[in-house]
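Peer 1: Output the structure for:
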Amino acid sequence: MNHIVKDYGRIIDQLRKDRKISRQDLVEDIMSLRNYQRFVAGEVKITNQNLLNIVDRMRMDINIFTSYINENSNNEYSKLIDARKLAVRFKTDEARILLATVDKDNLVLEHHKFIYEATSIIIDRSLDGNDTSDFYARIETLINFPEILNYKAINLTEFNLLVLLNAKYYRKRDRKIIDFLYMNITSKTYISHTQDNYGLNLCFTSIAKGLYNMEEYTDCLQICNEGIDMIKNKHYVTGLENLIGYKALSLNKLLQHEKAIETATLLYMYLKAFGTELQQEVYFASMEKNLNIKLKDYVKLKREL
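Peer 2: Down below sits the predicted model:
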C-alpha cells in the first residue's frame, strides 16, 4: 500500500485550523486521534485512502489540496520543474547546476521526489555520454516497466522517460513502447493536452525514428504526417525538422521519389528559415546522401522555372 510522506501532517493540520475544525471532528471514523497527532508530529505516515478521506472531510478537492502543496513549496518545486525541462532538452550543465540547488529532503510530494530522481537519471546519462544498460535499467525500475504500459493514465515525467526508453526497444525491433506512446499522444488524455512543442516533437520523433529503423516505412510516414499536423494545429512553427526529414526518407524507401524530393525541398526551405547552421549542415547532408540529389541546386532550379 502506498503511504503519504510525513510532511503532509503539518500542512493538513494548518488547513484544519484555518477551517476551524477540531482534530476529533476531522478524523472521526477515519483514524484514531492519537494516530493523527503522531501524524502531525511526523512520527507516522498515513495511507492514501485516509488522506483522501481527511481532505474530503475538509470539503476540499484533492487537486486543490495538491495545488496548495505546490504553492507552499513553490520555490523548490519551480526549480525542480525547470531542471527537468533543461535535462529533457539535454542542457545538462544547466540542469545539473539547478538540480543541485533543490533541497531533496524538503520535497513534500512523492511525485516531486519522482521528478527529482527522473531528472537525475537523465543528467547522469548525458554526463556519461552513452545510452548504457544501467541508464535504461534505472528508468525501467523507476517507472515500473513494463507494468506501466497497462496504466490507464501516466504523468508527464513518466511519459518523457518512456520516450527515452523507446530507443532500447525499437533497436530490438520491439514496438510495444511505440504503440503505447502513440495511443497516449493521439488520444484525448491529459498527456496529449499538456505536451508543449518540444514534448510533442520528442514523442513523435521517437516513434518515427523507431518505425524507420524497424523498416516500417508506411507507418513511419503516417506518424510523420500526424505529428506535423498536430504540431501545426497547436500553432507551433519550429521543431518540425525531424518529422519532415523522416517523412522524406520514408517516401524515398516507399519508392515515391518525386514526393520525397519535394519533402526534402520543404525541409531545405524550412531550415533556411528556422534552423541553425549546424542543423542545415547535418540535415542537408543526410537528405542529399539518401536521395542522391544536391538540394541547393535543385531548389535553385525550381525557383528559376
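Peer 1: Am I right that Leu243 is in contact with Ile207?
Peer 2: No - between Leu243 and Ile207 there is no contact under CB atoms under 8 Å: 9.8 Å. All C-beta spots, glycine's among them, are computed from the backbone N, C-alpha and C.
Peer 1: so what's in contact with the two at the same time?
Peer 2: Gly227 (CB atoms under 8 Å, 6 or more residues apart in numbering).
Peer 1: so where's the protein uncertain?
Peer 2: For the chain, the stretches flagged by pLDDT under 70 are 1-7, 69-75, 108, 128-131, 189-196, 298-305.
Peer 1: any idea how it splits into domains?
Peer 2: The chain is divided into the following domains under automatic domain parsing: 3-72, 195-305.
Peer 1: most tightly surrounded among those domains?
Peer 2: domain 195-305 (a mean of 17; mean count of other CB atoms under 10 Å).
Peer 1: Look up phi and psi at Thr47.
Peer 2: Main-chain torsions, Thr47, degrees, to the nearest 10: phi -80, psi 160.
Peer 1: Tell me the spacing between it and Phe65.
Peer 2: 15 Å (CB to CB, to the nearest Å).
Peer 1: again with Ser133
Peer 2: Look at Ser133 and Phe65: by CB to CB, they are 40 Å apart.
Peer 1: do the same with Asn242
Peer 2: Separation of Asn242 from Phe65 (CB to CB): 40 Å.
Peer 1: same thing with Leu26?
Peer 2: Taken as CB to CB, the span from Leu26 to Phe65 is 14 Å.
Peer 1: same thing with Leu181?
Peer 2: Taking CB to CB, one finds Leu181 at 31 Å from Phe65.
Peer 1: next one: Thr276
Peer 2: In terms of CB to CB, Thr276 sits 44 Å off from Phe65.
Peer 1: Lys176 too?
Peer 2: Distance, Lys176 to Phe65, using CB to CB: 35 Å.
Peer 1: residues of the helix or strand harbouring Lys113 that come out buried?
Peer 2: Using DSSP states H and E, Lys113 maps to helix 110-128. Within helix 110-128, the residues that count as buried by 16 or more other CB atoms under 10 Å are 112, 114-116, 118-126.
Peer 1: Reformat those as a markdown table; add distance to Arg19.
Peer 2: What follows is the buried residues of helix 110-128, written out as a markdown table (distance: CB to CB, whole Å):
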| residue | distance to Arg19 |
| --- | --- |
| His112 | 25 |
| Phe114 | 30 |
| Ile115 | 30 |
| Tyr116 | 31 |
| Ala118 | 35 |
| Thr119 | 35 |
| Ser120 | 38 |
| Ile121 | 40 |
| Ile122 | 40 |
| Ile123 | 41 |
| Asp124 | 44 |
| Arg125 | 46 |
| Ser126 | 46 |
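Peer 1: thinking in terms of the whole chain, how far from its middle is stretch 26-42?
Peer 2: 37 Å (CA atoms, centre = their mean, to the nearest Å).
Peer 1: Any idea how far apart the tips of it sit?
Peer 2: 18 Å (CA to CA, to the nearest Å).
Peer 1: can you list contacts of that stretch?
Peer 2: Defining contact as CB under 8 Å, 6+ apart, one finds that stretch 26-42 is touched by 6-10, 12-13, 16, 23-24, 44-46, 50, 53-54, 57-58.
Peer 1: Out of these, list just those in strands.
Peer 2: Among the contacts of stretch 26-42, the ones falling in strands (DSSP state E) are Ile46.
Peer 1: can you give me the strands in this protein?
Peer 2: For the chain, the strands defined by DSSP E cover 3-4, 46-47.
Peer 1: How about Gln24, nearest residue that isn't a chain neighbour?
Peer 2: Leu33 (5.8 Å; CB to CB, 6 or more residues apart in numbering).
Peer 1: likewise Ile115?
Peer 2: Nearest residue to Ile115 in three dimensions, chain neighbours excluded: Thr157, at 5.2 Å (CB to CB, 6+ apart).
Peer 1: The one you found touches Arg84, doesn't it?
Peer 2: Yes - the pair Thr157 / Arg84 is scored as a contact, 6.7 Å apart, by CB under 8 Å.
Peer 1: Can you pull the residues that touch both of these two?
Peer 2: Shared contacts of Thr157 and Arg84 (CB under 8 Å, 6+ apart): 115, 118.
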